[in-house]
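Asker: 3D, please:
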Amino acid sequence: MQNKENKTAYILLIKNVPKRLQILEDFLKKLNLPAQQNIKAFGRKRALITYATETDAAKAFDILQNQQLLNKKLCVSNFIEGGIKQLQKTKSTQTNENGNESEPDMPKINKQLGLLETIYVDGNQRSTTSTTKSRKSNLSNQNYDYVVAIDFEATCWEDQAPPSWRESEIIEFPAVLINLKTGKIEAEFHKYILPIEIPKLSAFCTSLTGITQKTVESGMPLQIALTIFQEWLRKELRARNLVLPKMTKESKQSKSCALVTWTDWDFGICLAKECARKGLKKPSFFNQWIDIRAVYREWYNYRPMNFADALQHVGLTFEGREHSGIDDAKNLAALTHKMVTDGAKLSITKDLTPYQLNSNCW
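Answerer: Residues are numbered from 1 along each chain as shown. The predicted model follows:
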């Protein structure tokens, strides 16, 4: 039963926290902090710590503002009196000047919280009078007929650094092409990759992904896999008259296709960092993608704890083995189709080369 008393909560907003909230929780236990009522993730690399009294919040603020976690200084904001209600009020229905209820500007809120990144290409600039959607470039604002869902698996270790700081190597490269009108997966790509920087997989990695040492030793170097994938993608696009974003070879009869991931990690961190370290040539179409998690959060106004929670929230069930790259990619494709069926509009959420066209994949 919920307590009906109207109690004030005092909240600290912590920035630069690791993606795994457990790391922050273990760190806080080592400090002489007042007892917290609640700790939860809030946006990208942020967390909220709730205290029952102003005194406890102020004491925690003084201790935390000079702390470092994983060699990064924690950024702590002043506590917010009645913070929970303020945050909920910001995201709930609001009243306009005429006394009528209106929906909040969710894209604007998400932009402020760092949940969605809008990219402007071909010289388009931010307009002060148009809406968020109209400010995006036409390349980001189209309807997609197909998407290619990709979910890399990479080397990992127990108690490792956050994803943006570690140097992982891709060990599974899966991709599925799904027709968003029919929901049918029409083509699959799947290769295992040989790691060369740290060839031996950790026991934690094998347990998490199900990928064995024997499997990766029979795999191929990443550069070869990228080349084979490009040929596979060219064949599948040509067979359906599809074009990717920012390709110059396009006609009125062409249908559109985009790459989708769950978070920016796969292309923005994992692939980009590995290609840079090893001097590998990365196809330019990997520079634009749709982060389905960002679109999901905005469309459903729900922040899932993980991918399985995101599926369950919309009535889907994960099929296969979690953290198997090919199964993750298939479930990501299914979720994308479900979102489009529910009316969500897909748009490019990240563009690493906003002022450049891509070479034709054909």
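Asker: find the centremost residue of the chain, please.
Answerer: The residue lying closest to the centre of the chain (Cα atoms, centre = their mean) is Thr263, at 1.4 Å.
Asker: and the residue nearest to that residue when sequence neighbours are not counted, how many residues sit next to it?
Answerer: Sequence neighbours aside, Arg293 is the residue nearest to Thr263 in space, at 5.3 Å (criterion: Cβ to Cβ, 6 or more residues apart in numbering). C-beta: built from backbone N, CA, C; applies to glycine. Arg293 has 22 neighbouring residues, counting by other Cβ atoms under 10 Å.
Asker: my guess is Gly183 contacts Leu335. True?
Answerer: No. If you go by Cβ atoms under 8 Å, Gly183 and Leu335 don't touch, sitting 11.0 Å apart.
Asker: packing partners for the helix or strand where Ile23 lies?
Answerer: Element membership for Ile23 (DSSP states H and E) is helix 21-29. Here helix 21-29 touches strand 38-41, strand 46-51, strand 68-69, going by 3 or more Cβ pairs under 8 Å, 6 or more residues apart in numbering; DSSP states H and E.
Asker: and the first one, what does it pack onto?
Answerer: Helices and strands touching strand 38-41, by 3+ Cβ pairs under 8 Å, 6+ apart, are helix 21-29, strand 46-51.
Asker: partner strands of it, parallel or antiparallel?
Answerer: Strand 38-41 has the following strand partners under DSSP bridges: strand 46-51 (antiparallel).
Asker: got the angle between the partner strand and helix 21-29?
Answerer: Per axes from the mean of the first three to the mean of the last three Cα atoms, to 10 degrees, the angle that strand 46-51 makes with helix 21-29 is 40 degrees.
Asker: list the buried residues for the helix or strand just after strand 46-51?
Answerer: Downstream of strand 46-51, the first helix or strand assigned by DSSP H and E is helix 54-64. Of all the residues in helix 54-64, those buried under the rule 16 or more other Cβ atoms under 10 Å are Asp56, Ala57, Ala60, Phe61, Leu64.
Asker: and the angle for helix 54-64 with strand 46-51?
Answerer: With the same axes, to 10 degrees as the basis, helix 54-64 and strand 46-51 are set at 140 degrees to each other.
Asker: how far does helix 54-64 sit from the chain's center?
Answerer: Counting by Cα atoms, centre = their mean, to the nearest Å, helix 54-64 is centred 32 Å from the centre of its parent chain.
Asker: and stretch 255-274, by the same measure?
Answerer: Worked out by Cα atoms, centre = their mean, stretch 255-274 lies 9 Å from the chain centre.
Asker: state the mean pLDDT of it.
Answerer: Mean pLDDT, stretch 255-274: 96.
Asker: can you give me the end-to-end span of that stretch?
Answerer: By Cα to Cα, to the nearest Å, the extent of stretch 255-274 from end to end equals 32 Å.
Asker: identify the single longest helix in the chain, thanks.
Answerer: helix 222-240 (DSSP state H).
Asker: which stretches in the stretch 251-362 of the chain count as strands?
Answerer: Taking DSSP state E, counting those that start in this stretch as the test, the strands found in the stretch 251-362 of the chain are 255-261, 288-291, 350-351.
Asker: from memory Leu335 sits against Ile292, does it?
Answerer: Yes. Using Cβ under 8 Å, Leu335 makes contact with Ile292 at a distance of 6.6 Å.
Asker: re the thing from before, measure the residue nearest to Thr263 to Asp266 for me?
Answerer: Going from Arg293 to Asp266 by Cβ to Cβ, to the nearest Å gives 11 Å.
Asker: list the contacts of Ala161.
Answerer: Pro18, Leu70 (Cβ atoms under 8 Å, 6 or more residues apart in numbering).
Asker: where does the stretch 101-250 of the chain dip in pLDDT?
Answerer: Low-confidence regions of the stretch 101-250 of the chain, defined by pLDDT under 70, span residues 101-142, 164, 248-250.
Asker: I'd like to know which of the helices and strands packed on helix 21-29 is closest to Asp309.
Answerer: strand 38-41 (12.2 Å; Cβ to Cβ).
Asker: what about the closest one, average pLDDT?
Answerer: 83.
Asker: check which residues of it are buried.
Answerer: Using 16+ other Cβ under 10 Å as the test for burial, strand 38-41 gives Ile39, Ala41.
Asker: I would like the residues contacting it, please.
Answerer: Residues from elsewhere that reach strand 38-41 (Cβ under 8 Å, 6+ apart): Leu21, Leu24, Glu25, Leu28, Ala47, Leu48, Ile49, Thr50, Arg303.
Asker: skipping adjacent residues, who's closest to Asn287 in space?
Answerer: Once flanking residues are discounted, Asn287 sits nearest to Leu352: 4.0 Å by Cβ to Cβ, 6+ apart.
Asker: how many residues are close by that neighbour?
Answerer: As a burial measure, Leu352 scores 15 neighbours (other Cβ under 10 Å).
Asker: from memory it sits against Ser284, does it?
Answerer: No. If you go by Cβ under 8 Å, Leu352 and Ser284 don't touch, sitting 9.2 Å apart.
Asker: can you map out the helices along the stretch 201-350 of the chain?
Answerer: Assigned by DSSP state H, counting those that start in this stretch, the helices in the stretch 201-350 of the chain fall at 203-209, 213-217, 222-240, 272-278, 292-300, 307-313, 325-341.
Asker: fine by me, thanks again.
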